[in-house]
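A.B. asks: sequence and predicted model, in that order:
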Amino acid sequence: MSLGRSAAQKALVRGQIHGGMKAALFSSVPYMGPAPRGVWPVPSESYSSEVGERSMELSLDQFQLADEMGFDWVTVAEHHYAPMSLTPNPMIMAGALTQRVKRAKIALLGPDIPILNPVRVAEEFAMLDTMTGGRVIAGMLRGTSNEYVTYGLNPAESRERFEEALELIVKAWTEPQPFGWIGRYYEFRAVSIWPRPVQRPHPPIYVSASSPESGEFAARNHISVGFAFTTVPFAREAVRHYRQQATAAGWEPGPDNVLYRLTIHVAESDEQAIDDIVSAGGGERRTAYSTSNRAVDDSAADAGYYGRDTATQRARHAPHDLKERMELGQLITGSPESVLSQIRALRDELGAGILEVIFQPLGRDKVLRSMDLFGRKVLPKMRDI
Amino acid sequence: MAGFSENHVEADGFRIRYREAGSGSTLVTLHGAGGLRVSRSHELLAEQHRVIVFEAPGFGASPANERSTSLMDLAATMGQATANLGLDRFSLMGNSFGGKLALWLAVQQPERIESLVLAAPAAIRPEQSIRVPAAERQGLMHAHPERQPALPPLDPAIVAKQETLVGRLMGPPRDETLEALFPNLTMPVLVLFGTLDRVIPLDMGRIYREKLPNCHFMLLYDAAHALDADRPEAFASVVNDFLARREGFIVNTDSGLIHP
């Protein structure tokens, strides 16, 4: 710990502060072997522990590489019962990352707080913030509808649980005296967490703002927002609503308050990039994770999980083919120059200052080449956007 | 048992006894090798459904059944009995031996079965099956036999008659003809096993999950082979929910609210 330096100075030394856009690397830490698709929960009969181990190691390597390349954040998330993600507890993955990622912030987008014990979430974030010297970003999400089956929670109560849990977590981080919490969904007679977060008053919070209710909640509480598994047209409308509500609440979100996540593939040329994806079978239409159990999603929707514009929220998860994904801003692909111009367009359209990328999974070599091109030819120029 | 009336229906020349209670959508149940017994779980199911509990011909006080040549044959008779009661579509539940009988009925008339509940079904059994003397059966069937209500002593003649019939009809531990028809069973199926089942290993439940296209496999903690009698509230709760909400039943709709 270097005494006498402000947090901002330290951040400058670490290369954290710059103008322009920030880049985050997201990985769901997918299972890299053959597995069933289009169902949920996914049977684990074909699971190989060697493949699982290799998949986690590969993701850790990828995050470390991103850190060395100058990515501003690395991001993990919570998903259950499916090979698309091997981090049902992203806190554990983040714990491993504290030992590998030395400069970048470690973001969790997020734990699905309505299905967890909020005090435990507060404790785990505080541990991570301590182990990173204050480099944790605390995303807090509701999760997709199917996640409610995981621990047997009622999806109809998701939003109310979310809002209460978030408030309780912030209180647990910040209250220096033991306190009790008599909530609607949570009751604790005594809370007094050790360790406490390094960042004061607490780590930056990001929430989803895809639905109007969540955008209003974020705006009202001066919280940053992230958009993932959506499209630019949906996000454009949601961002507009969020900004409008923020203005009404008396503040103006800046670029760092808005994150947009998409899939990316960079190659030497536009044609090469498309060819890489198509030849790896990445051009086909796939069922979205959250809708791969229609009965569950229908049941959650009937219960009111999606809120007041259910149809729009469910349409957000519709599967698209390659061309549609590119048009909708779910995927940007091409040469470094054309990727950069698409990023500029996104920045202009959404005002998103943080671009979170998932590298299109095309096998180790192509992903590493894509990352290398992004790191050398795209990332430095994003600083000027 | 309170609320259950008793009646008979003719089918294939058999006079088939059944008991009935409740209203709503119909649940037909087929008993295990020990014969018809209306339990607390039936009562709880009848709070939300019209429950029809059949006694297969040859069980209980009915004459020895020497005409049914196979479970497939007996299933056709039971199907006829449901039709003669005027039932069109219904849900079907079978316990143990009755689970295999229910599967045979379902593969014969899948379009009539809305959903299927199999409680410790005997359609898939290990090669070395467990033969239990009648005297020890009560102890083996329950996780906590001491908690079960005392039953009147079994009539040895009825026990012998039922054992002969079950022995003749049960079929092999793995019935390829039956399993070959599993892909046709696209209705939601709920397979339940007690974690303490000492008659049919609960690992058999996995095979239904693998082979049936729309199957949910549930373990009932601290229950043995007679799982519905061991934990009637838990059993009836999940079955009622499954019958009402089909595949969507895996989503919890109970409120977690502590204080309004």
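C.D. replies: It's in.

A.B. asks: when you work out contacts or count neighbours from here on, use the C-alpha atoms and nothing else.
C.D. replies: Fine.

A.B. asks: can you list the low-confidence ranges for chain A?
C.D. replies: Applying pLDDT under 70 to chain A flags the ranges A:1-19, A:287-291.

A.B. asks: residues in it within reach of chain B, list them.
C.D. replies: A:148-149, A:152-157, A:183-187, A:295-296, A:298-300, A:303 (CA under 8 Å from any CA of the partner chain).

A.B. asks: out of these, which are inside strands?
C.D. replies: Among those, the residues falling in strands (DSSP state E) are residue A:187.

A.B. asks: for PyMOL, what selects the buried ones among the residues of chain A next to chain B?
C.D. replies: In PyMOL, this line selects whichever of those come out buried by 16 or more other CA atoms under 10 Å in any protein chain shown:
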select buried, chain A and resi 148+149+153+154+155+156+157+183+185+186+295+296+298+299+300+303
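
A.B. asks: what about the residues of chain A next to chain B, which are in helices?
C.D. replies: A:148-149, A:295-296, A:298-300, A:303 (DSSP state H).

A.B. asks: ok, longest helix in chain A?
C.D. replies: Chain A, longest helix under DSSP H: helix A:49-69.

A.B. asks: so what secondary structure elements neighbour the following helix or strand past that helix?
C.D. replies: Scanning forward in sequence from helix A:49-69 by DSSP states H and E, the next helix or strand is strand A:73-76. For strand A:73-76, the elements it packs on are strand A:22-26, helix A:49-69, helix A:90-97, strand A:105-108, judged by 3 or more CA pairs under 8 Å, 6 or more residues apart in numbering or on different chains; DSSP states H and E.

A.B. asks: tell me what the longest one is packed against?
C.D. replies: Okay, so that is helix A:49-69. strand A:73-76, helix A:90-97.

A.B. asks: repeat for the shortest one
C.D. replies: Identification of packing neighbours for strand A:105-108 by 3+ CA pairs under 8 Å, 6+ apart yields strand A:73-76, helix A:90-97, strand A:136-140.

A.B. asks: quick one, which of those is packed in tightest?
C.D. replies: Comparing these by mean neighbour count (mean count of other CA atoms under 10 Å in any protein chain shown), strand A:73-76 ranks first with a mean of 27.

A.B. asks: ok, that one: who's next to it in the sheet?
C.D. replies: Each strand paired with strand A:73-76, and its direction, by DSSP bridges: strand A:22-26 (parallel), strand A:105-108 (parallel).

A.B. asks: what's the angle from the longest one to helix A:49-69?
C.D. replies: Put simply, strand A:22-26 runs at 170 degrees to helix A:49-69, going by axes from the mean of the first three to the mean of the last three CA atoms, to 10 degrees.

A.B. asks: just the buried residues of strand A:22-26, please?
C.D. replies: A:22-26.

A.B. asks: can I get the helices and strands packed on strand A:73-76 in JSON lines including distance to residue A:327?
C.D. replies: Listed next are the helices and strands packed on strand A:73-76 as JSON lines, based on distance: least, CA to CA, whole Å:
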{"stretch": "strand A:22-26", "distance to residue A:327": "21"}
{"stretch": "helix A:49-69", "distance to residue A:327": "27"}
{"stretch": "helix A:90-97", "distance to residue A:327": "31"}
{"stretch": "strand A:105-108", "distance to residue A:327": "28"}
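
A.B. asks: and of the helices and strands packed on strand A:105-108, who's closest to residue B:186?
C.D. replies: Evaluated with CA to CA, the helices and strands packed on strand A:105-108 place helix A:90-97 nearest to residue B:186, the distance being 36.5 Å.

A.B. asks: packing partners of that closest one?
C.D. replies: Using 3+ CA pairs under 8 Å, 6+ apart: helix A:90-97 touches helix A:49-69, strand A:73-76, strand A:105-108, helix A:118-131.

A.B. asks: save the strands paired with strand A:73-76 as a markdown table, and put in distance to residue A:339 too.
C.D. replies: A markdown table is the format used below for the strands paired with strand A:73-76 (distance: least, CA to CA, whole Å):
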| stretch | distance to residue A:339 |
| --- | --- |
| strand A:22-26 | 13 |
| strand A:105-108 | 24 |
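
A.B. asks: would you list the helices and strands packed on helix A:49-69 in a markdown table and tack on distance to residue B:65?
C.D. replies: Shown next, in a markdown table, are the helices and strands packed on helix A:49-69 (distance: least, CA to CA, whole Å):
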| stretch | distance to residue B:65 |
| --- | --- |
| strand A:73-76 | 65 |
| helix A:90-97 | 61 |
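
A.B. asks: torsion angles phi and psi at residue A:180?
C.D. replies: phi -100, psi 160 (degrees, to the nearest 10).

A.B. asks: hmm, residue A:189 and it touching each other?
C.D. replies: Yes: contact criterion CA atoms under 8 Å: residue A:180 and residue A:189 qualify, at 4.3 Å.

A.B. asks: more neighbours: which of these two?
C.D. replies: residue A:180 (13 against 9; other CA atoms under 10 Å in any protein chain shown).

A.B. asks: can you tell me the centre-most residue of the chain?
C.D. replies: The chain I'm using is chain A. The centroid of chain A falls nearest to residue A:109 when counting by CA atoms, centre = their mean (3.6 Å).

A.B. asks: looking at chain B here, not the other one
C.D. replies: Central residue of chain B (CA atoms, centre = their mean): residue B:94, 1.7 Å from the mean position.

A.B. asks: let me know the secondary structure of that residue.
C.D. replies: Assigned with DSSP: H, G, I helix; E, B strand; the rest coil, residue B:94 falls in the strand class.

A.B. asks: measure the nearest residue to it once chain neighbours are set aside to chain A for me?
C.D. replies: Distance criterion CA to CA, 6 or more residues apart in numbering or on different chains; nearest residue to residue B:94, sequence neighbours excluded, is residue B:30 at 4.6 Å. According to CA to the nearest CA, to the nearest Å, residue B:30 and chain A sit 28 Å apart.

A.B. asks: can you read off the backbone torsions of residue B:30?
C.D. replies: The phi/psi pair for residue B:30 (degrees, to the nearest 10) is phi -120, psi 130.

A.B. asks: go on, residue A:258?
C.D. replies: According to degrees, to the nearest 10, the main-chain angles of residue A:258 amount to phi -130, psi 120.
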